[in-house]
Structure formats: structure tokens, C-alpha cells
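In: Sharing a model that was predicted from the sequence below.
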Amino acid sequence: MPEEQLRHRAKKSLGQNFLKDPNICRKIVDAISPGENDFIIEIGPGQGALTEFLVETNARKLVALEMDNALAEHLATRWPMLDVIRTDALQFPWAELEDGPHKIIGNLPYNVGSKLIWDIVSTVPHLERAVFMVQHEVATRLTAKPGCKAFGGLTAWVNNFCETTYLFKVPPTVFRPQPKVDSAVVRFEPLPVEDRPANPKKLAELIKLLFQQRRKQISTILKKRWNDSIESWFEVEGVSPQIRPENLTPKQFSSLSERL
């Protein structure tokens, strides 16, 4: 690792925790199944721990989104073939991506990981695969099954666009500085277009409405909006209106949102 990388001080404001274990890095990169014809986007490359292995894949196009100006400059100098964009990934125009399909990878900052994933899975027009390292708690939510406590709004949303797979846990000891919690790596495989929500806006509204009061029964939460169409939906689905939101499947959230 170049000496200038070791001297860079992690910034708490950017949620920087730099990976330092090459074996973990290679394992994360392998999870995206990189190939020479791929267009790969890395979010928050930092000191280039993952980038080093991504460059070795000889991908057709490799883009890095980095907010830290000093790190962005270092990455561009070290790998001239790398297209470094100095930007906040939350502000990146994901819906306008062209020249796909795209593979997206990153060690996401804990404070923005959920929001980034929410946006990426639902807006990137030609997403082929994504692999993200996030806080372990978030990883369990992303891959939770209906009926368990970890199942929440993020689960219902993401799993309407992608199939999620929990790959492996990552301990704090492989980072500098060390976070106080475990991390985990999750893979996202997009669902066929015909299986995705017809009206994402309606779905988002329902998810937020139900999970803001997740301890209540669905019939109670929807009391002011209740009508014959909603009642018949529960009958057709064979679901009791008295269940709580986490007991619906992601697809049931989507179909119910169409009735509101």
C-alpha cells in the first residue's frame, strides 16, 4: 500500500472506515462476478482497497464515485484508466445511467447505506448485479423473511426490485479505524421487469405508512382509508387484516398499494 494512503486520516463526517484485509477485498470483488465486458461502478473507493482488485479484472469501464477530494486525486493518479467522479453518491443521477448493464459495488458508509440502496435498486435502469458491504444489522434487514422482527420497510422495498443474499460477515478488525459493530456483505440480483412494482410511488407511500406504526394491526393503520377494494384484497390473499405489517410479503405490499 502506498505510503500516502497510510497517512490519510479517516473523516468521521464522511463515515470513512478503510478496509485493510486483501483477502476480504478479493472476496467482495469476486462476489460481483466481474468480467472484461462489464461496466462497473464503485461507491466510496476510499484508499482503493477494492479498486485494486477491480482494476485487475480489466473491466470495459470502471467508474469510482468519491467525495473526498484528496482520495479522489490519489485514485486518479494511481490508476489513470479509472474514471474518478468527485461526487456524493446520494446526489449521483442513478436514473440517468446509460451504456449499461451496470454492476455496482461498494463499502457503503453506515450513515447513508440504506438510503443509497433504496435509490439504486429502484432507479438504475440496467442494473445487472450489486454487492454492498453494510452494517450487519442492515444486512439482516435486507435479507429478512416476512414474520421476523428484522423485516421492515427497507426489506419490503428492496425485495420488490431485487433478490437479496446475505454472503458473509466482516469483523471490525479488518478496518482502519475499527467500527464498533460488525459489517456484512449482501448481493442484489434484479428481478425481471415484469415482477417489479407497477407504481413504485404508491408502494413507497404504503411502506412508510405501515411501518411508521408497525406495532399496530394493518386494519387499524388503514382504518381511515378502508374500503371494499381493500377488504376484498385481504380475502383474496387469505390474509387477516389484524396482522402486523412485517407479516406481509414484499409482493403483497406491492399489490395492496395498488388498492389504496
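Out: Perfect, thanks for sending it.
In: next one: phi and psi at the most far-flung residue of the chain relative to its centre?
Out: Most distant residue from the mean C-alpha position of the chain: residue 228, 36.3 Å away (Cα atoms, centre = their mean). Residue 228 adopts backbone torsions of phi -60, psi -30, taken as degrees, to the nearest 10.
In: Quick check: it vs residue 234, distance?
Out: 11 Å (Cβ to Cβ, to the nearest Å). C-beta: built from backbone N, CA, C; applies to glycine.
In: do residue 39 as well
Out: Distance from residue 39 to residue 234, by Cβ to Cβ: 44 Å.
In: How about residue 151?
Out: 19 Å.
In: So the two - more neighbours on which side?
Out: Just comparing residue 151 and residue 234: by other Cβ atoms under 10 Å the higher neighbour count belongs to residue 151, 25 against 18.
In: was I right about the more buried one contacting residue 144?
Out: Yes: assessed by Cβ atoms under 8 Å, residue 151 is found in contact with residue 144 at 4.2 Å.
In: okay, now the closest residue to residue 55 other than its chain neighbours: neighbour count?
Out: Sequence neighbours aside, residue 79 is the residue nearest to residue 55 in space, at 5.5 Å (criterion: Cβ to Cβ, 6 or more residues apart in numbering). Per other Cβ under 10 Å, the neighbour tally for residue 79 reads 18.
In: Break this structure down into its domains, please.
Out: 3-195, 200-257 (automatic domain parsing).
In: of all those, which gets the most neighbours per residue?
Out: Greatest average neighbour count among those goes to domain 3-195 (a mean of 18), per mean count of other Cβ atoms under 10 Å.
In: Flag the shaky bits of the protein, pLDDT-wise.
Out: Per-residue confidence for the chain (pLDDT under 70) gives these ranges: 1-16.
In: Can you show me the strands along it?
Out: For the chain, the strands defined by DSSP state E cover 18-19, 39-43, 61-66, 83-86, 102-107, 127-135, 162-170, 175-176, 183-190.
In: and of the ones you listed, who's closest to residue 222?
Out: strand 162-170 (26.8 Å; Cβ to Cβ).
In: Which other helices and strands does that closest one contact?
Out: helix 22-31, strand 127-135, helix 136-142, strand 183-190 (3 or more Cβ pairs under 8 Å, 6 or more residues apart in numbering; DSSP states H and E).
In: next one: it to chain centre, how far?
Out: The chain centroid and the centroid of strand 162-170 are separated by 10 Å under Cα atoms, centre = their mean, to the nearest Å.
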